[in-house]
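Peer 1: heads up, no residue letters with this:
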C-alpha cells in the first residue's frame, strides 16, 4: 500500500520492486492511494502534505480494509484448506 504522492519512494524504486516481484513469479499486489503521501495511516503526521508525510483519512480507511482482506485471504483461507 503506497501513497501516490509519496516523495520518499521514487518511481524508479516502485518499478524495480515490480520487476523483482515479477522475476520471482511472486503472487503480489500493490495498492496505490491517490492524494496520499508517506505515512498516510498515522494521524500524528498531521495534514500538511508539503512535509512529505501526512495523514489521509480516506486512504487510511481504505488501506485498513485492504489489509483485513489480505489477512483473511492468507490466514483464514490457509487455515480452512487444511481441515
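Peer 2: Done, it's in. Source: prediction; values computed, not measured.
Peer 1: Going by C-alpha atoms from here, please, whenever you check contacts or count neighbours.
Peer 2: Will do.
Peer 1: what's the spacing between residue 14 and residue 56?
Peer 2: Residue 14 sits 21 Å away from residue 56 when distances are taken as Cα to Cα, to the nearest Å.
Peer 1: Please identify which of these two sits among more neighbours.
Peer 2: Neighbour comparison, residue 14 and residue 56: the larger count goes to residue 56, with 25 against 13 (by other Cα atoms under 10 Å).
Peer 1: Using the three-state scheme, assign the spatially closest residue to that one that is not a sequence neighbour.
Peer 2: Spatially, and ignoring its direct neighbours in sequence, residue 56 is nearest to residue 40 (5.0 Å; Cα to Cα, 6 or more residues apart in numbering). Assigned with DSSP: H, G, I helix; E, B strand; the rest coil, residue 40 falls in the coil class.
Peer 1: list the contacts for residue 40?
Peer 2: Neighbour list for residue 40: 3, 53, 54, 55, 56, 57, 59, 60 [criterion: Cα atoms under 8 Å, 6 or more residues apart in numbering].
Peer 1: residues in contact with the fifth one?
Peer 2: Read it as residue 56. Contacts for residue 56 (Cα under 8 Å, 6+ apart) come out as 36, 40, 41, 43, 47.
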